[in-house]
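**Q** Sequence and computational prediction follow.
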Amino acid sequence: MKVHFIAIGGSAMHNLAIALRKKGYSISGSDDEIFDPSRSRLLKHGLLPEKFGWFAEKIHSGLDAVIVGMHAKADNPELLRAKKLGLKLYSYPEYLYEQSKNKTRIVIGGSHGKTTITSMILHVLNHCQVDTDFMVGAQLEGFDVMVRLSEDAKFMVMEGDEYPSSPIDLRPKFHLYKPNIAVISGIAWDHINVFRTFDTYVDQFRTFISSIEAPGKLIYCASDTMVKELCSAKDHEGLTLYPYYIPDHEVVDGKTFLVHEGSRFPVCLFGKHNLLNMEAARKVCQQIGVGHDEFLKSIGTFKGASNRMEVIYQDSRNTVIRDFAHAPSKLNATVAAVREQFPGKKVIACMELHTFSSLSKEFLVHYKGSMDGADLAIVFYSMHALRLKRLPVLQPEMVADAFDKPGIQVLTDSSVVENEIRKYLKDDAILLLMSSGNFGGLDIQGLIREISKENK
């Protein structure tokens, strides 16, 4: 099979390209810019384009498929050439479905927790030696790729993103996977540049539910009012519903334990949202033959996906945690989890407004109270990010008013953020860094080295 990738450097696209190369396919690709880690991974597998840019001559009638990434525009010369030749065009999710249509497809949907639940399932299945293909949105310990495709695996576990599939296919990705087993972890309005109202956003989950192939199974968070309302509707013919709640647990001396039939099982992660994620993962694993005890023994060694409540430094005084949280509900849950796990410690919560939604004036009001659980709250955003997204300038006062937390600091210079963090880490403290970006290039590792030196 000969497959060409238009915009091969994307985080999802380059992983799919590597997975198909490992499967024995002949792969080519183009992009106008590629950054690490995509660049290094493509180079390692011999897939990095010799020149950056778009080259119509790369598209020829001998190609079996052309996969179009979100970074490509509708007027991309390679895309126009592929259309002219009548080649088969796929979005990323369409091709994943094509590769998995003869397998049992397990799709994890929801506004939050998708990556963590998917990662937990893969960790347990790997521990229990259950062969599976997968697509997950973060690098996992013990896995060298984020996408795996094979001929023999009976299962395909996929993270189900509600964002558009490609520039020429605006359907949400998770509408295309047609799961046999589905999860909905929660619904909190996001992607307002695509879904202009909350009702429009919720409708995407209604469509996701209707896409589950009968006889299907739907595992849903019954603690989420909107999810419960959607999943408890009486028109889900051919579906078996499995609600889940926070499992029995204890927190002892800063360590979380799951409790089952009088026994305690230690886990590395903490926070009610992660306990809910574990229960969703357990329900999925149960459906494919992993017993309760097997799951509890396996999940104890799960340390988390990259950038998801990841402890990146710890000593007797300070702990630094990095998290992907950026939406209001995620901030609230993450700050609350840290506060519960580390009682008596000062919590310094630093978040970056980085996504289109978070930088939009009309969406800012949803952040009210989202960082109230922190002792010190810092909000950073980059004027450069606003220009790139062609959004109007935000005044720091407007951001502070939206969060409505006394003493909150709103900063637009990453060097000032670094100085503020240094100042407060002289005390015993938990530093929580929450962003889907990089805080304007903040040298987090350098900061950690300094903390380490000072605390020796």
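**A** In hand now; what should we look at?
**Q** Could you use CA atoms for every contact and neighbour count after this?
**A** Noted.
**Q** for the stretch 351-456 of the chain, which spans come out with low pLDDT?
**A** Applying pLDDT under 70 to the stretch 351-456 of the chain flags residues 426-427, 454-456.
**Q** Just the strands from it, written as ranges.
**A** Using DSSP state E, counting those that start in this stretch, the strands of the stretch 351-456 of the chain run over 376-381, 409-411, 429-434.
**Q** can I get those in TSV with mean neighbour count?
**A** Listed next are these as TSV, based on neighbours: other CA atoms under 10 Å:
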stretch	mean neighbour count
strand 376-381	22
strand 409-411	19
strand 429-434	24
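**Q** Would you mind saying which of the ones you listed lies nearest residue 76?
**A** In terms of CA to CA, the element of the strands of the stretch 351-456 of the chain nearest to residue 76 is strand 376-381, at 31.3 Å.
**Q** Please name the strands paired to that closest one in the sheet, noting orientation.
**A** Sheet pairing for strand 376-381, assigned by DSSP bridges, gives strand 346-353 (parallel), strand 409-411 (parallel).
**Q** buried sites along the longest one?
**A** Of the residues in strand 346-353, those buried by neighbour count under the rule 16 or more other CA atoms under 10 Å are 346-353.
**Q** CA atoms only: put stretch 84-91 into CSV for me.
**A** Taking Å, rounded to 0.1, in the frame of the first residue of the first chain, the C-alpha atoms of stretch 84-91 are listed here in CSV:
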residue,chain,number,x,y,z
LYS,A,84,-8.0,16.2,-9.9
LEU,A,85,-6.6,12.7,-10.1
GLY,A,86,-9.7,11.3,-8.3
LEU,A,87,-7.5,9.7,-5.6
LYS,A,88,-9.1,8.3,-2.4
LEU,A,89,-9.0,11.1,0.2
TYR,A,90,-9.2,10.3,3.9
SER,A,91,-9.2,12.4,7.1
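**Q** how far out from the middle of the chain is that stretch?
**A** 29 Å (CA atoms, centre = their mean, to the nearest Å).
**Q** neighbouring contacts of the lowest-mean-pLDDT helix or strand in the chain?
**A** Scoring the helices and strands of the chain by mean pLDDT, DSSP states H and E places helix 444-454 at the bottom, with a mean of 75. Helix 444-454 has contacts (CA atoms under 8 Å, 6 or more residues apart in numbering) with 313, 315, 418, 422, 425.
**Q** what's the farthest-apart pair in the residues you listed?
**A** 315 and 418 (19.4 Å).
**Q** more neighbours, those two?
**A** For residue 315 versus residue 418, neighbours defined as other CA atoms under 10 Å are more numerous around residue 418 (15 against 12).
**Q** Give me the nearest residue to that one, chain neighbours excluded.
**A** residue 442 (7.2 Å; CA to CA, 6 or more residues apart in numbering).
**Q** looking at it, the one you found is touching residue 415, isn't it?
**A** Yes: counting by CA atoms under 8 Å, residue 415 is a contact partner of residue 442 at 7.3 Å.
**Q** what's the spacing between stretch 335-343 and its chain's center?
**A** 22 Å.
**Q** So which bits of it are buried?
**A** Applying 16+ other CA under 10 Å to stretch 335-343 flags 335-342 as buried.
**Q** okay, now residue 228: neighbour count?
**A** 17.
**Q** For the remainder of this discussion, apply numbering that starts at 2.
**A** Sounds good: first residue 2 from here, last item residue 229.
**Q** And it, how close does it get to residue 115?
**A** From residue 229 across to residue 115, the span is 17 Å (CA to CA, to the nearest Å).
**Q** ok, now residue 27?
**A** On the measure of CA to CA, residue 27 and residue 115 end up 31 Å apart.
**Q** Give me the more crowded residue out of these two.
**A** Applying other CA under 10 Å to residue 27 and residue 115 shows that residue 115 carries more neighbours, namely 23 against 16.
**Q** Need the pLDDT of the more buried one.
**A** The confidence metric pLDDT takes the value 92 at residue 115.
**Q** check contacts around it.
**A** Going by CA under 8 Å, 6+ apart, the list of residues near residue 115 reads 109, 160-161, 186.
**Q** tell me the secondary structure for residue 192?
**A** coil (DSSP: H, G, I helix; E, B strand; the rest coil).
**Q** one step back: among the buried residues of stretch 336-344, which lie within helices?
**A** 336-342 (DSSP state H).
**Q** now, among the residues you listed, which is nearest to residue 380?
**A** Of those, the one sitting nearest to residue 380 (CA to CA) turns out to be residue 336, at 13.6 Å.
**Q** So, low pLDDT: which residues of the stretch 202-351 of the chain?
**A** Looking at the stretch 202-351 of the chain by pLDDT under 70, you get 235.
**Q** need the helices for it, in chain order.
**A** With helices called from DSSP state H, counting those that start in this stretch, the stretch 202-351 of the chain shows them at 226-232, 273-288, 293-300, 329-342.
**Q** what is the orientation angle of the third one with helix 273-288?
**A** An angle of 130 degrees separates the directions of helix 293-300 and helix 273-288 when computed by axes from the mean of the first three to the mean of the last three CA atoms, to 10 degrees.
**Q** any chance of the helices of the stretch 202-351 of the chain in a markdown table, plus distance to residue 205?
**A** A markdown table is the format used below for the helices of the stretch 202-351 of the chain (distance: least, CA to CA, whole Å):
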| stretch | distance to residue 205 |
| --- | --- |
| helix 226-232 | 11 |
| helix 273-288 | 20 |
| helix 293-300 | 31 |
| helix 329-342 | 19 |
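**Q** Tell me which of those lies nearest to residue 242.
**A** Closest among the helices of the stretch 202-351 of the chain, using CA to CA: helix 226-232, at 7.6 Å.
**Q** Report all helices and strands that the closest one contacts.
**A** Applying 3 or more CA pairs under 8 Å, 6 or more residues apart in numbering; DSSP states H and E, one finds that helix 226-232 makes contact with strand 217-222.
**Q** Note down every partner strand of the strand it packs on and its orientation.
**A** strand 182-185 (parallel), strand 240-245 (parallel).
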